[in-house]
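Student: Predicted model, plus sequence, below.
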Amino acid sequence: GEFDGNDVPMVAKSVVTASGRVWLWDDCFVFGGYRFRTDCRSTSDFANEYEKIPSFGLFHVGVQYSPTCFGLDGLTLAFTVDNLFDKNYCDYSTYGTAYWPGAGRSYMFTIRYEF
């Protein structure tokens, strides 16, 4: 069709992620990582006429604890901080001119129990 060969809106050509964890003791580890996304076209820009949403990279870090004492097997507690450095970035735009900022630093605490 008329848009053959154009970039698909809101789809980055590349997303690279690096992550790892370090065990503090048998039941607990800290983890972290970095995700980089290349620039992409705005939503609805099938003709590829407008400025691209710029590339960005974000860090995250957290800790996970799964106690095995006192009959707590199956319980997992975790705390994660996304966008650790509160970087300003854009994760959505329309018609090449209207940009919406991505989420700032966010925190997530989770409790999981497997039985």
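Tutor: Now that the structure is in, tell me what you want to look at.
Student: so where do the strands sit in this structure?
Tutor: 15-25, 28-37, 56-65, 75-82, 90-94, 98-101, 106-113 (DSSP state E).
Student: who wins for proximity to Ser44 among the ones you listed?
Tutor: strand 90-94 (5.8 Å; Cβ to Cβ). (Glycine included, C-beta is placed from N, CA and C.)
Student: List the buried residues in the closest one.
Tutor: Neighbour-count burial for strand 90-94, counted by 16 or more other Cβ atoms under 10 Å, picks out Ser93.
Student: got CSV for the strands of the chain, with mean pLDDT too?
Tutor: Shown next, in CSV, are the strands of the chain (pLDDT from 0 to 100):
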stretch, mean pLDDT
strand 15-25, 97
strand 28-37, 97
strand 56-65, 97
strand 75-82, 96
strand 90-94, 82
strand 98-101, 84
strand 106-113, 96
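Student: would you list the ones you listed in a markdown table and tack on distance to Tyr50?
Tutor: Shown next, in a markdown table, are the strands of the chain (distance: least, Cβ to Cβ, whole Å):
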| stretch | distance to Tyr50 |
| --- | --- |
| strand 15-25 | 21 |
| strand 28-37 | 18 |
| strand 56-65 | 18 |
| strand 75-82 | 28 |
| strand 90-94 | 8 |
| strand 98-101 | 10 |
| strand 106-113 | 29 |
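Student: Can you tell me which of the ones you listed is nearest to Phe46?
Tutor: That would be strand 90-94 among the strands of the chain, by Cβ to Cβ, at 12.2 Å.
Student: which other helices and strands contact the closest one?
Tutor: In terms of contacts (3 or more Cβ pairs under 8 Å, 6 or more residues apart in numbering; DSSP states H and E), strand 90-94 is packed against strand 98-101.
Student: where's the strand it packs on relative to the chain centroid, distance-wise?
Tutor: Taking the mean of its C-alpha atoms, strand 98-101 sits 17 Å from the chain's own mean (Cα atoms, centre = their mean, to the nearest Å).
Student: Stretch 16-31 too?
Tutor: Centroid separation between stretch 16-31 and its chain, computed with Cα atoms, centre = their mean, is 17 Å.
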